[in-house]
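# My questions are about this predicted structure, shown below with the sequence.
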2 protein chains.
Amino acid sequence: MARNKYPEETVNLILETATRLFVQKGYEHTSIQDIINNLGGLSKGAIYHHFKSKEEILVAVTNRLAEESNKKLFEIKNRTDMTGLEKLKKLLTDSLNRPVHDSIFSAAPNIKSSPALVYSILMESVDTVAHQDVLPIIRQGIEDGSIQVEYPEELAELVMLVGNIWLNPMIFDDNPDGIYRKCVMYDKMLRGFGLDIFDESMFERFRRLTEMYCKNK
Amino acid sequence: MARNKYPEETVNLILETATRLFVQKGYEHTSIQDIINNLGGLSKGAIYHHFKSKEEILVAVTNRLAEESNKKLFEIKNRTDMTGLEKLKKLLTDSLNRPVHDSIFSAAPNIKSSPALVYSILMESVDTVAHQDVLPIIRQGIEDGSIQVEYPEELAELVMLVGNIWLNPMIFDDNPDGIYRKCVMYDKMLRGFGLDIFDESMFERFRRLTEMYCKNK
């Protein structure tokens, strides 16, 4: 394959190839050399020009998968047939059920040993997603009376911090039983804030994703 | 000053000098060269032999300050004149009131821009401190009836995740009003788990530490 003329295309090619290999072989079992071998003649220099390490590629892959998938979630916010509380429940359910999660959890990257990736997920969840996606829905819930809370921004951050960081088995290397116990505590925390949004199917999905992760790690 | 014969002494000298400069000048305004200039003739090579960057020195300084200070907190666990719930409240109060916090928050390191440090504090809090220090006290509380909880390990982790990460103004660049709102939500969360341990003095201390951080950042 001829070398790409445009840097953006090169980056896309690297990320698509890396995503495919991470999912097929697992992140830990994919080397930078494997990625280079599958780039159709792109040089080692070209890849290092864009990414300093395999970890940097993983951060970019994860961010890209999340971005694509987030677009759909954004649409929930604009629906007019649901209360804020119902939307919040749908946001959590849809987010959890995204097919992209099956790929990520099966690739089972050892996130725990990657400070840059843990940091990136933490900041993305608490600083960005909480304010962009969760907060507007909580505000709608306050307006329509389905959610009562004094500090909506802080509630949005807590929902993301606990639901997206603590409940990520790849960050804290959880097993299915541990994730079940975390779900019980998360549900209890949410109910304490008047949010009855966690149901049986979410327990099941968390357990299933954790099983995938444990099987492939 | 003659060069240290023993690597441990060299590391101690570097860390003590760095701590002093971070507190005096602030982390952001201290360069590696400043540290070298204050090492009494120790070479640039010697410092880079032990630490690859200023950020690595900060991680080591923070860990060392925390370790020294944690030793005192460990003693609470063995007291026989308090219930588990009372001990948990004392652990939080004493931890928050440690003088070392005044130094750290005044140095106002820009933790937010340091993935390695955020990661280190997150894992130390949720994996280590939660299980070593908070969990035994919660178990005592369950035994003496002052705490009721189905999953003590997960409660210990939540107490640390929210109290030590989310409520750290240096990680999320909070201002005093924002920290007050987070305190209200943390208190509400703890009460939801039956833990009435957050009092007025803790609100004040969180606000004061955040003011120090904001003033010096």
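Yes, it's here.
# What helices and strands are in contact with the longest helix anywhere in chain A?
If you go by DSSP state H, chain A has its longest helix at helix A:54-74. Using 3 or more Cβ pairs under 8 Å, 6 or more residues apart in numbering or on different chains; DSSP states H and E as the contact test, the elements touching helix A:54-74 are helix A:7-25, helix A:32-37, helix A:84-97, helix A:99-107, helix A:115-123. Yep, even glycine has a C-beta here, placed from its N, CA and C like the rest.
# now residue A:32, nearest residue through space, not along the chain?
In space, and not counting its chain neighbours, residue A:32 is closest to residue A:54: 5.3 Å by Cβ to Cβ, 6 or more residues apart in numbering or on different chains.
# got the angle between the longest helix of chain A and helix A:7-25?
90 degrees (axes from the mean of the first three to the mean of the last three Cα atoms, to 10 degrees).
# CA-only coordinates of helix A:54-74 in CSV, if you can.
Provided in CSV are the C-alpha atoms of helix A:54-74 (Å, rounded to 0.1, in the frame of the first residue of the first chain):
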residue,chain,number,x,y,z
LYS,A,54,1.4,1.4,22.5
GLU,A,55,-0.2,3.1,25.5
GLU,A,56,-0.7,6.3,23.5
ILE,A,57,-2.3,4.3,20.7
LEU,A,58,-4.7,2.7,23.3
VAL,A,59,-5.7,6.1,24.7
ALA,A,60,-6.5,7.4,21.2
VAL,A,61,-8.4,4.2,20.2
THR,A,62,-10.4,4.4,23.4
ASN,A,63,-11.2,8.1,22.9
ARG,A,64,-12.2,7.5,19.3
LEU,A,65,-14.5,4.6,20.1
ALA,A,66,-16.1,6.6,23.0
GLU,A,67,-16.6,9.7,20.8
GLU,A,68,-18.3,7.8,18.0
SER,A,69,-20.5,6.0,20.5
ASN,A,70,-21.3,9.1,22.5
LYS,A,71,-22.9,10.8,19.6
LYS,A,72,-25.9,8.5,19.8
LEU,A,73,-26.3,9.0,23.5
PHE,A,74,-26.4,12.8,23.0
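# now the residue of chain A found nearest chain B, nearest residue through space, not along the chain?
Closest approach of chain A to chain B (Cβ to the nearest Cβ) occurs at residue A:192, with a separation of 2.8 Å. In space, and not counting its chain neighbours, residue A:192 is closest to residue B:192: 2.8 Å by Cβ to Cβ, 6+ apart.
# I figured the one you found hits residue A:187, correct?
No. Using Cβ atoms under 8 Å, residue B:192 is not in contact with residue A:187, being 11.2 Å away.
# Between the two, tell me which one has more neighbours.
Using other Cβ atoms under 10 Å in any protein chain shown as the criterion, residue B:192 and residue A:187 rank with residue A:187 on top: 17 against 14.
# And the spatially most central residue of chain A, how close does it get to residue A:60?
Centroid-nearest residue in chain A: residue A:66, 5.8 Å away (criterion: Cα atoms, centre = their mean). Distance, residue A:66 to residue A:60, by Cβ to Cβ, to the nearest Å: 11 Å.
# Also residue A:99?
Separation of residue A:99 from residue A:60 (Cβ to Cβ) stands at 20 Å.
# Same question for residue A:71.
17 Å.
# So between the two, which is more surrounded?
residue A:60 (18 against 8).
# Just list the residues touching the more buried one, thanks.
Contacts were defined as Cβ atoms under 8 Å, 6 or more residues apart in numbering or on different chains; by that measure residue A:60 touches A:11, A:15, A:51.
# shouldn't the second one be in contact with residue A:57?
Yes. Taking Cβ under 8 Å as the contact criterion, residue A:15 and residue A:57 are neighbours in contact, 7.2 Å apart.
# neighbour count winner among these two?
residue A:57 (25 against 19).
# Near chain B, which residues of chain A are found?
A:112, A:115-116, A:118-120, A:122-123, A:126-127, A:150-151, A:153-155, A:157-158, A:161-162, A:165-166, A:172, A:181-182, A:184-185, A:188-189, A:191-193 (Cβ under 8 Å from any Cβ of the partner chain).
# Tell me, how many residues neighbour the residue nearest to residue A:96 when sequence neighbours are not counted?
Nearest residue to residue A:96 in three dimensions, chain neighbours excluded: residue A:205, at 5.0 Å (Cβ to Cβ, 6+ apart). A total of 15 residues lie near residue A:205 under the criterion other Cβ under 10 Å.
# which element is residue A:205 on?
helix A:200-216 (DSSP states H and E).
# between that helix and helix A:84-97, how many degrees?
Using the same axes, to 10 degrees: helix A:200-216 against helix A:84-97 is 20 degrees.
# pLDDT of helix A:200-216, averaged?
Mean per-residue pLDDT for helix A:200-216: 93.
# Give me the distance between the two termini of stretch A:166-177.
End-to-end distance for stretch A:166-177: 14 Å, by Cα to Cα, to the nearest Å.
# who's in contact with it?
A:104-105, A:108-112, A:118, A:121, A:165, A:178-179, A:182-183, A:186, A:206-207, A:209-211, A:213-214, A:217, B:126-127, B:157-158, B:161.
# Model confidence at the nearest residue to residue A:197 once chain neighbours are set aside, what's the number?
Nearest residue to residue A:197, sequence neighbours excluded (Cβ to Cβ, 6+ apart): residue A:89, at 3.9 Å. The model reports residue A:89 with a pLDDT of 96.
# And for residue A:72?
According to the prediction, residue A:72 has pLDDT 69.
# and what of residue A:145?
98.
# Count residues in the vicinity of it, would you?
Residues near residue A:145, counting by other Cβ under 10 Å: 10.
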